[in-house]
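**Student:** Dropping a prediction and its sequence here:
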Amino acid sequence: MTPAPAAARPCSTKLFFFDDPGPIDASRLGGKAATLARLGRQGLAVPAWFCVTTAFFDTPEESLLEAAHDALFAGEAVAVRSSVVGEDSAVASFAGLMESYLNVHRAGLAEHIRRCRLSAFSGRALAYRRRLGLPIDGIGAAVIVQRMVDARAAGVLFTRDVDGGSGSVVSAALGLGEGVVADRAESDTYWISRPDRAIRRRIATKTVRIATDPAGSTRSEPVPADQGGAPVLEDGPLLALVD
């Protein structure tokens, strides 16, 4: 679906759309949304999104959320993702500490945005801040609303091997990426070395995959036995990821 033109979207400083030409201000957008904006401007394929900025939560307007959703997604389900100021930075990743919600329908959008933002103030998120010596007062928390991709396969690309190798590492599973990041599905691991682009694999036996549930959110589904031993990704897509 082609997103609605900018003129058809609600105009408010409380929202930031993926193709907004304005300055990328991480203090308004949070770390994750700022990174998505930069990736889009570099020409990478990023599913359409808008950011509910930190300013929105000073005086929330639920009608703005509904108008933005209708203009950009026309009733489609979305992913609701955290974007806290300082998240995904060189100092702190906050990996897995804030909540994400997949396959969210329009009727539940405002509530899931509220819950996503509040997760930035959870006990584990505050404990992480204390451990790193980060301030716990004045936390800036934005929220991303992004087109939901009903993926055949998904995963995580590490551009640097954290175990000391010279290449990239890809972890991928059948179905949605939640299977990898929440460890809900068996995942393959691929190591792509530099500069020869040789691929080393560890192929898991896949028995479950995470899929969208028509009622909302996600569900586990069995993987047919004749598909469970096949690689999630072939060489072509792997090499395209690291190029």
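**Tutor:** Yep, that arrived.

**Student:** what's the pLDDT at the residue lying closest to residue 186 once chain neighbours are set aside?
**Tutor:** In space, not counting the residues next to it along the chain, residue 186 is nearest to residue 204; the distance is 4.1 Å by CB to CB, 6 or more residues apart in numbering. In short, each C-beta sits where N, CA and C put it, glycine included. Looking at residue 204, its pLDDT stands at 98.

**Student:** Would you confirm that residue 204 contacts residue 187?
**Tutor:** Yes. At 6.1 Å, residue 204 counts as touching residue 187 under the criterion of CB atoms under 8 Å.

**Student:** circling back to that earlier point, just give the number of residues close to the residue nearest to residue 186.
**Tutor:** Residues near residue 204, counting by other CB atoms under 10 Å, number 18.

**Student:** Please apply the same query to residue 210.
**Tutor:** Quick note: residue 210 (other CB under 10 Å) scores 23 neighbours.

**Student:** Where does it fall, secondary structure wise?
**Tutor:** strand 208-212 (DSSP states H and E).

**Student:** Would you map the strands across this structure?
**Tutor:** 15-17, 49-52, 78-84, 101-104, 141-147, 153-158, 168-174, 188-192, 199-202, 208-212, 218-222 (DSSP state E).

**Student:** which residues touch the strand holding residue 210?
**Tutor:** 77, 102-103, 148, 150, 173-176, 178-179, 184-186, 218-223 (CB atoms under 8 Å, 6 or more residues apart in numbering).

**Student:** Give me the buried entries from the residues you listed.
**Tutor:** 77, 102-103, 148, 173-176, 178-179, 184-186, 218, 223 (16 or more other CB atoms under 10 Å).

**Student:** Select the longest helix from the protein.
**Tutor:** Identified as the longest helix of the chain according to DSSP state H is helix 26-41.

**Student:** Identify each buried residue in stretch 234-243, please.
**Tutor:** Quick answer for stretch 234-243 (16+ other CB under 10 Å): 238, 241-242.

**Student:** How about stretch 99-107?
**Tutor:** In stretch 99-107, counting by 16+ other CB under 10 Å, buried: 99-106.

**Student:** could those residues be laid out in TSV, adding distance to residue 85?
**Tutor:** Formatted as TSV, the buried residues of stretch 99-107 follow (distance: CB to CB, whole Å):
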residue	distance to residue 85
99	17
100	17
101	20
102	23
103	27
104	23
105	28
106	27
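
**Student:** Now flag whichever of those residues is closest to residue 15.
**Tutor:** Minimum distance to residue 15 across the buried residues of stretch 99-107 is 15.9 Å, recorded for residue 106 (CB to CB).

**Student:** start to end distance for stretch 132-147?
**Tutor:** With CA to CA, to the nearest Å as the measure, stretch 132-147 spans 33 Å from end to end.

**Student:** circling back: possible to save the buried residues of stretch 99-107 as TSV with distance to residue 194 and pLDDT?
**Tutor:** Shown next, in TSV, are the buried residues of stretch 99-107 (distance: CB to CB, whole Å; pLDDT from 0 to 100):
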residue	distance to residue 194	pLDDT
99	35	93
100	31	94
101	36	96
102	33	97
103	37	97
104	39	97
105	43	96
106	44	95
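
**Student:** check contacts around the residue lying closest to residue 185 once chain neighbours are set aside.
**Tutor:** In this structure, residue 185 finds its nearest non-sequential neighbour in residue 179, 3.0 Å apart by CB to CB, 6+ apart. Taking CB under 8 Å, 6+ apart, we find residue 179 in contact with 154, 173, 185, 187, 208-210.

**Student:** roughly how far apart are residue 161 and residue 133?
**Tutor:** Here residue 161 is placed at a distance of 28 Å from residue 133 (CB to CB, to the nearest Å).

**Student:** Lovely, talk soon.
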